[in-house]
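> Sequence first, then the predicted structure, then my questions.
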Amino acid sequence: MSAHAIATAIEQEVSAFRNLRFRDQAEYLEAKDAHCARIRSLVRQLRPKIGVPEMLSFGTGRRTFGGRSFEVVAKIPRKLAERSASRGRQSA
């Protein structure tokens, strides 16, 4: 299923649940549990289709999260940084 089809299925599931009528509390709770399980399953299918949110990616740059601003930088391993620094000194 595509992401659009999954989102449509979630909307249909919600509207179907809203239209249900229950005779007692136990029937409602059983239907609610089944509904939540179906929605959870659809959301689990949808997540990989959507992809990783930008904030959780490995991209560098400024980010704001929870009112705090920070910068994500690429960290170069120490040995690689030493090699590139020594090459810079040799060419100078």
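Alright, I've got the coordinates.
> Need the three-state assignment for Arg63.
strand (DSSP: H, G, I helix; E, B strand; the rest coil).
> so what's it bridging to?
Here Arg63 sits in beta bridges with Phe70, going by DSSP bridges.
> And the pLDDT for Ser86?
On the pLDDT scale, Ser86 is placed at 74.
> mind checking how far the longest helix along the chain is from the chain centre?
The residue-count maximum for a helix in the chain (DSSP state H) belongs to helix 25-50. Taking CA atoms, centre = their mean, to the nearest Å, one finds the center of helix 25-50 at 18 Å from the center of the full chain.
> what sits against Leu45?
No, residue 45 isn't Leu; it's Gln. 1, 6 (CB atoms under 8 Å, 6 or more residues apart in numbering). No exception for glycine: its C-beta is placed from N, CA and C like everyone else's.
> Swap in 6 Å and give it another go.
Ile6 (CB atoms under 6 Å, 6 or more residues apart in numbering).
> Offset the numbering so it begins at 3, please.
Happy to do that; since the first residue is 3 now, the last one works out to Gln47.
> What separation do you get for it and Phe19?
18 Å (CB to CB, to the nearest Å).
> circling back: buried residues of the longest helix of the chain, list them for me.
37, 44, 48 (16 or more other CB atoms under 10 Å).
> roughly how far apart are the first one and Arg70?
If you measure His37 against Arg70 using CB to CB, the figure is 37 Å.
> Could you do the second one as well?
Look at Leu44 and Arg70: by CB to CB, they are 33 Å apart.
> Look at Ile8 and say how many residues are nearby.
The number of residues packed around Ile8, counting by other CB atoms under 10 Å, is 19.
> do the one 5 residues further on as well
Using other CB under 10 Å, Glu13 has 10 other residues around it.
> What helix or strand is it located in?
Counting by DSSP states H and E, the secondary-structure element that holds Glu13 is helix 5-21.
> just Phe24 next, same as before
With DSSP H and E as criterion, Phe24 is part of no helix or strand.
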